[in-house]
Each structure stands twice: as structure tokens, then as C-alpha cells.
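> take this sequence and fold it.
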Amino acid sequence: MSRIATPLPFHLKLPTLISTRCGSSYVFALLAGLPFSSAAQEWNKSSPPATISSTTEEQTKPQVKLRLGIDYPLRTNENGDVGAGTQGEPAVSPTFQAEFRVEPVSYWFGSIAFYRYLYGDRQRPWNPDFTYTFGYDDWHPDTISLVYGNYAGNRLRPASSETHAHFSEGTWSLGYKFRMPKALDPIFKADEKHEVICIVNAHVTPRYTTLQDTSLQKYKRALSLGCRYMLPSNLYANLTVFYYPDHSQQQPWDPDFTYSFGYFDWRPGTISVQYNNYSGNRFAWRNGNDGQGGFRAGSVSVFWSQSW
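Numbering: from 1, shown residues only. Below is the predicted model:
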């Protein structure tokens, strides 16, 4: 996977308002991360409001959205990052981030995010100057999404050995969103007003690097299942698990699972605070790599959003 959330690339689909209770239409998403994780990140940042209304209005005109913020990794030691070529672990430097997002029609979008590293000497070849995504992503349950996300080591001013954008190293994700079956409510939901939305994704990265060999390999594949638990108060928690059909393709920075939680307000002009962990987390029964996974491998972010 190309890179998890290099300080959480933020693709937060800044919404427009939800009808009945809030106002016009809504499109929400937070994005950050790595290729396969990008789906998780896309998902981890792209979910519907806590209360979904069947009468929600659809977007009738183009939307332009802006997201500004800072992401602070809990792990700041320089020996904690691992990668190869332009793909690897999240950065260990705090970053200022700015994302611009355009939604020409309902659910179609394109976005680009820029990163400024507070400690430039900690930026690695796989830590990007900018990331970009585009595709179709309907947040309603029982819908399909197709999203391309690129979080590789893209450069605004590449050196002679670098390139601007590594398009072939981005990840294509085909997903299906659905509500958690009601039969599971007594087990997972603390209150009937809470909402649980899940998504299954198939991911393909046309070109990827390995820790042993920095030359590009072909077609990394993964499947994922992610669920987002939402409260009416805008508090939420995400968990996404991954499966790699070819286990040899999974790199130290490719997670078995990712998770996030926090306060996310999709309305324009508001602030959100989140913890995100897209590092190379491993299940307890699997051996991890030094410096990979663990709570301190995540980051805390604070973002302000606006839309027009």
C-alpha cells in the first residue's frame, strides 16, 4: 500500500447540510492515509451524518470546499518510520495541511491536499508534499463507490531522481456501504439513536514497492471491511480490518487493521478533533515489525472546514 496517512492526508469531504434537521444537502468524508488504508481513510473520513434522513436533498450545484488544520503524530522519534521508495509509514513530523475539494455534481469529487512539515529533516521520500483523490462516493447505505487515492511521495519540486505524481502507485477502491444488520444491534449498539454504517472494499494498487526491493512490483490486492459507530453528538469511532489474498504483498506499513475516533462536525465553518491510526498495526497473534503499529503510531488532528 502506498502510504497510510502521512500525517493523515486529509480528505474530508466537507459537507453541505443535511435536510430535515439541518439544511440543504450533505456530503461528508475525512480522508487520510495510505493506499489500501486510503480506503480506510477515505472511509474513516467519509461517512454519513449520525442521523440519516430519507428526505435528504441532493446537491444541485457545484461545491468548492476547503479544509485547514494541523496533524500531530504521537510518535516523533526519527527511527520509528519505515518505508521503501515512495511508499511507507506516516511521517513523524507535525504537519500543517490544506485540502481543496471540488464536487461538480452529487457524489462525484476531486481533491488535492498540501502538506507543510514542521521538521523538514524528518520528511522521508514516502512522505508527500501533496496527495490527491477523485471518484464517485455516495454516503447513503446500499450504494456503491469507486475512488482513486494517491498518498505516495509526490513532490511539488522533485529532485532529479524524483517525479511529481506517482499515478500508478495510487490505489483504486471499489466499495459497497450498508447499515449493520439489526440483529446485531443488541450486541454493538448502546442506544437505538446511535448509527452503525459499514463498507466492504476491494483495493488494487497497480504498482507498489517492497521493503526488500525498492523496484516496483505489480498489482497489490486487498479486501477490507470497515464500520463507523456514530452518535448524534458528532462523536464517532471507526474500525477497518484488511485481508491480503497474497500475503507476500503485505509490507510492514500495510495494516491488518486501522482505527480512529473523535469529534467530527460536517457543517461548514466548524472545527473537528480526531485521533487516527493508519500505521502497520498487527493482530495480537501475528508478529509485527519494530516501530510499526501501536497507539503511539497514530496522530491527533484539529481541522477547520468551509464550503461554498
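
> tell me the residue furthest from the middle of this structure?
Distance from the C-alpha centroid of the chain peaks at S160, with 29.9 Å (C-alpha atoms, centre = their mean).

> could you look up the SS state of that one?
coil (DSSP: H, G, I helix; E, B strand; the rest coil).

> with V300 instead?
V300 ends up strand, using three-state DSSP.

> OK, contacts around it?
Applying C-beta atoms under 8 Å, 6 or more residues apart in numbering to V300 gives the contacts D71, Y72, L74, V273, Q274, Y275. Yep, even glycine has a C-beta here, placed from its N, CA and C like the rest.

> among those, which pair sits farthest apart?
L74 and V273 (14.2 Å; C-beta to C-beta).

> tell me the mean pLDDT for stretch 271-288?
Here stretch 271-288 scores 89 as its mean pLDDT.

> buried residues in it?
Neighbour-count burial for stretch 271-288 flags S272, Q274, Y275, N276, N277, Y278, S279, G280, N281, R282, G288 (criterion: 16 or more other C-beta atoms under 10 Å).

> same thing with stretch 62-71?
Q63, K65, R67, G69, I70, D71.

> same check, this time on stretch 253-267
So, applying 16+ other C-beta under 10 Å, buried residues of stretch 253-267: 253-262, 264-267.

> next: stretch 226-244.
226-231, 234, 236-242, 244.

> quick revisit: which of the buried residues of stretch 271-288 lies closest to G298?
N277 (3.2 Å).

> ok, and the closest non-adjacent residue to that closest one?
Spatial nearest neighbour of N277, excluding adjacent residues (C-beta to C-beta, 6 or more residues apart in numbering): G298 at 3.2 Å.

> ok, that neighbour - contacts?
P73, L74, S260, Y275, N276, N277, Y278, S279 are the contacts of G298 under C-beta under 8 Å, 6+ apart.

> right, and the last one touches D254 too?
No: judged on C-beta atoms under 8 Å, S279 makes no contact with D254 at a distance of 10.0 Å.

> what segments of the stretch 51-200 of the chain are strands?
Residue ranges of the strands in the stretch 51-200 of the chain, as given by DSSP state E, counting those that start in this stretch, are 63-73, 83-84, 87-88, 95-103, 108-117, 130-136, 143-150, 171-179, 195-208.

> please identify the most buried of the ones you listed.
strand 87-88 (a mean of 30; mean count of other C-beta atoms under 10 Å).

> centre of the chain to it, how far?
Averaged C-alpha coordinates place strand 87-88 at 15 Å from its chain's average position (C-alpha atoms, centre = their mean, to the nearest Å).

> residue boundaries of the helices in the protein?
19-22, 35-44, 185-188 (DSSP state H).

> pull the number of nearby residues for A222.
Using other C-beta atoms under 10 Å, A222 has 25 neighbouring residues.

> same thing with D138?
D138: 17 neighbours (other C-beta under 10 Å).

> residue contacts, it?
Applying C-beta under 8 Å, 6+ apart, the residues near D138 are S106, Y107, I144, S145, K177.

> try 7 Å
Applying C-beta atoms under 7 Å, 6 or more residues apart in numbering, we find D138 in contact with Y107, S145.

> tally of neighbours for the closest residue to N77 other than its chain neighbours?
Sequence neighbours aside, V92 is the residue nearest to N77 in space, at 6.6 Å (criterion: C-beta to C-beta, 6+ apart). Under the neighbour criterion other C-beta under 10 Å, V92 is assigned a count of 25.

> select the helix or strand of the chain having the lowest average pLDDT value.
helix 19-22 (a mean of 32; mean pLDDT, DSSP states H and E).

> returning to what we had before: ok, the residue nearest to N77 touching P73?
Yes: using C-beta atoms under 7 Å, V92 is in contact with P73, at 5.5 Å.

> would a markdown table of the contacts of V300 with distance to I187 be doable?
Shown next, in a markdown table, are the contacts of V300 (distance: C-beta to C-beta, whole Å):
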| residue | distance to I187 |
| --- | --- |
| D71 | 34 |
| Y72 | 35 |
| L74 | 31 |
| V273 | 28 |
| Q274 | 26 |
| Y275 | 24 |
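
> just to revisit the earlier point, the residue nearest to N77 and S248: what is the separation?
According to C-beta to C-beta, to the nearest Å, V92 and S248 sit 27 Å apart.

> repeat that for F96.
37 Å.

> for F134, give me its contacts.
F109, G110, Y148.

> follow-up on the earlier one: closest to T210 out of the buried residues of stretch 62-71?
D71 (26.9 Å).
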